[in-house]
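Next input, structure requested:
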Amino acid sequence: MRTIILIKLVLLLSFALLGKDALAQFPYDKEYPHIGYGKVPPQDHFSTVMQGLAAQGKVLNFDDQGRGYLDALLAALDIDPSSQVLVFSKTSLKQRFISPQTPRSLFFNDEVYVGYVPGSSSLEIGAMDAQLGPVFFDFSQQPAADPRFEQETSRCLRCHDSYSLTGGGVPRFMLSSVLAGPDGNLVSHELSELTDTETPLDHRWGGWYVTGTSGAQLHRGNLIISDVAVLRDLQLSATSNQKNLNALVDLNLYPRSTSDIVALLVLEHQIEVQNRITRLNYDSLTLLQTTPLPDQATLDALTRPLLDALFMAHETALGDVVEGSSGFTDYFQQLGLKDSEGRSLRDFDLHTHTFKYRLSYLIYSAALDALPPLIKNHLFAQIKAVLLNQVAAPEYPHLSKVERAAITGILQETKAEVLK
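Here you go, the predicted structure:
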């Protein structure tokens, strides 16, 4: 579902006008005391790795001639540089450093996101905590900094929160598509939106650089608006299907010279599923405080949004073959847990849809496993019912009998508890 970015800008303006009082608009500890967002130390992958380095007395290498701690941090977190995607619109806290000439780069694996902009004094970290959901950190690029990193519980959450900043807001990750000018500033709020896997490709990736090909299926990547008159009839054919960015920007300051289209497809799917896991965790823990044994209909309603995302029920179909440019496709697939036939939930299709077997690889994630047992067991029962095409199961006509059987076979050998 698309959400207009203008709402976000209005909320940001409200924070600017309200000053310190606005921080009261993030009362997670009041609304979700059983979560402990502002009180419980995060146990996400980033925090765990940093704790492990400290316990061993190890420090990250600092490159004082280049990217500071970035390369060492990516290696420590096991994030491959091929995951790099580049955003040149001024849509983050680092906006004064961001432009089409100096885009913000994002790197990710299944659990952690790292943001880097040349010239900035810090790296941005977002991580998926199994209990808290998305948590955010500022990681100093100054060698003498102490502490090296700090959790952000105010500035980042001004955007990375549900729009209802009180009365049910939960932390989230987000991607947006905007139309930006030569300086990176937005030239139109009306054509700006948050995107997910349901968003048509010709509405995605505005304000981003995109490398790789998508054939006749066009997108808004690489589009810089120098004349607002073109907004009446956007021509995307000239900026889509860019195998490299040599004609657009000098990327010598970055680990890679790519902003891979396949990585962007994976990023959108991953963020969508993680956000729905977070919402389910917060809502179900709240419900279970007063209703320890919810009825079947309540459990169905709670788990259905995540079930839809896991089965990619609303993904916009690809209209042509998509091919990446960074090596990310091969890297991502080789990480998959394979069954005896060599099949994995990380296998790509990239012809008619992103993945070959449409049950998310995040079925293996720690955050999903950490859902309250009653909720997780119900979710797994729903997954099993869908795969076995049981009468009471949610209907997913996009899944063929062959695909359901393949997914079932993969789970039987890699996560059998789902099918019990």
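
Show me the shaky parts of this protein.
1-27, 154-168 (pLDDT under 70).

got the residue ranges for the helices in it?
For the chain, helices defined by DSSP state H occupy the ranges 5-18, 28-31, 45-55, 70-77, 261-290, 296-310, 328-334, 366-369, 373-387, 401-414.

how many neighbours does residue 72 have?
Residue 72: 15 surrounding residues under other CB atoms under 10 Å. For the C-beta atoms, the positions are set from N, CA and C on the backbone; glycine is no exception.

Quick check: it touching residue 61?
Yes: look at residue 72 against residue 61 with CB atoms under 8 Å: they come within range, at 4.4 Å.

quick revisit: deepest-packed of the helices of the chain, please.
Across the helices of the chain, averaging neighbours per residue (mean count of other CB atoms under 10 Å) puts helix 261-290 on top, at a mean of 22.

May I have stretch 201-217 as PDB, with CA atoms only?
Listed in PDB are the C-alpha atoms of stretch 201-217, where the atom choice follows Å, rounded to 0.1, in the frame of the first residue of the first chain:
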ATOM      1  CA  LEU A 201       8.100  -0.900 -10.700                       C
ATOM      2  CA  ASP A 202       7.500   2.300 -12.600                       C
ATOM      3  CA  HIS A 203       6.800   4.000  -9.300                       C
ATOM      4  CA  ARG A 204       9.800   2.600  -7.500                       C
ATOM      5  CA  TRP A 205      13.300   3.800  -6.800                       C
ATOM      6  CA  GLY A 206      12.900   7.500  -7.500                       C
ATOM      7  CA  GLY A 207      15.800   9.300  -5.900                       C
ATOM      8  CA  TRP A 208      17.900   6.100  -6.100                       C
ATOM      9  CA  TYR A 209      20.600   5.000  -8.400                       C
ATOM     10  CA  VAL A 210      19.900   1.600 -10.000                       C
ATOM     11  CA  THR A 211      22.200  -0.600 -11.900                       C
ATOM     12  CA  GLY A 212      21.200  -3.700 -13.800                       C
ATOM     13  CA  THR A 213      18.500  -4.400 -16.300                       C
ATOM     14  CA  SER A 214      14.800  -4.900 -16.300                       C
ATOM     15  CA  GLY A 215      14.100  -5.000 -20.000                       C
ATOM     16  CA  ALA A 216      10.900  -3.300 -21.100                       C
ATOM     17  CA  GLN A 217       9.800  -2.900 -17.500                       C
END
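
Identify each buried residue in it, please.
Under the neighbour-count criterion of 16 or more other CB atoms under 10 Å, stretch 201-217 has 201-202, 204-214, 217 buried.

mind checking how far the residue nearest the centre of the chain is from residue 337?
Compute the mean C-alpha point of the chain, and by CA atoms, centre = their mean the closest residue is residue 271, 2.9 Å away. Going from residue 271 to residue 337 by CB to CB, to the nearest Å gives 21 Å.

try residue 266
From residue 266 to residue 337 the distance is 16 Å (CB to CB).

same thing with residue 94?
From residue 94 over to residue 337 the distance is 36 Å, taken as CB to CB.

Comparing the two, which residue is more hemmed in?
residue 94 (19 against 16).

pretty sure that one is touching residue 124, no?
Yes: contact criterion CB under 8 Å: residue 94 and residue 124 qualify, at 7.0 Å.

what is in contact with the two at once?
Counting by CB atoms under 8 Å, 6 or more residues apart in numbering, the shared contacts of residue 94 and residue 124 are residue 115.

residues contacting the closest residue to residue 220 other than its chain neighbours?
Spatial nearest neighbour of residue 220, excluding adjacent residues (CB to CB, 6 or more residues apart in numbering): residue 206 at 3.7 Å. Counting by CB under 8 Å, 6+ apart, residue 206 touches 89, 177, 178, 179, 180, 191, 192, 220, 221, 223.

what about burial for those, which qualify?
Buried among the contacts of residue 206 by 16+ other CB under 10 Å: 89, 177, 178, 179, 180, 191, 192, 220, 221, 223.

got a list of what residue 260 touches?
82, 83, 84, 85, 211, 212, 324, 325, 326, 328, 329.

Swap in 7 Å and give it another go.
Residue 260 makes contact with 82, 85, 211, 212, 324, 325, 326, 328, according to CB atoms under 7 Å, 6 or more residues apart in numbering.

Then residue 347?
Residue 347 touches 333, 336, 355, 356, 357, counting by CB under 7 Å, 6+ apart.

residues near the second one, how many?
The number of residues packed near residue 336 is 18, by other CB under 10 Å.

Kindly report the same for the last one.
Neighbouring residues of residue 357 were enumerated by other CB under 10 Å; the total is 24.

Give me the distance between it and residue 152.
Taken as CB to CB, the span from residue 357 to residue 152 is 36 Å.

repeat for the first one
Here residue 333 is placed at a distance of 33 Å from residue 152 (CB to CB).

for the contacts of residue 347, which one is nearest residue 187?
The shortest approach to residue 187 among these belongs to residue 355, at 34.4 Å (CB to CB).

Mind listing the residues bridging to that closest one?
Bridge pairing for residue 355 (DSSP bridges) gives the partners residue 348.

That one: what's it in contact with?
Going by CB under 7 Å, 6+ apart, residue 355 touches 312, 347, 348, 349.

circling back to that earlier point, distance to residue 239 added to the helices of the chain, as a markdown table?
Shown next, in a markdown table, are these (distance: least, CB to CB, whole Å):
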| stretch | distance to residue 239 |
| --- | --- |
| helix 5-18 | 20 |
| helix 28-31 | 40 |
| helix 45-55 | 34 |
| helix 70-77 | 28 |
| helix 261-290 | 13 |
| helix 296-310 | 30 |
| helix 328-334 | 21 |
| helix 366-369 | 36 |
| helix 373-387 | 39 |
| helix 401-414 | 34 |
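
Which one of the contacts of residue 355 sits in the busiest neighbourhood?
Most neighbours among the contacts of residue 355, by other CB under 10 Å: residue 312, with 22 neighbours.

doesn't residue 358 make contact with it?
Yes: between residue 312 and residue 358 there is a contact at 4.5 Å, judged by CB atoms under 7 Å.

Around the closest residue to residue 316 other than its chain neighbours, how many other residues sit close by?
In space, and not counting its chain neighbours, residue 316 is closest to residue 200: 5.4 Å by CB to CB, 6+ apart. Residues lying near residue 200 (other CB under 10 Å) number 13.

again with residue 84
27.

dump the residue contacts of it.
So residue 84 contacts 105, 107, 254, 255, 256, 258, 259, 326 (CB under 7 Å, 6+ apart).

Tell me what the first one is bridged to.
The one in question is residue 105. Counting by DSSP bridges, the residues bridging with residue 105 are residue 86, residue 116.
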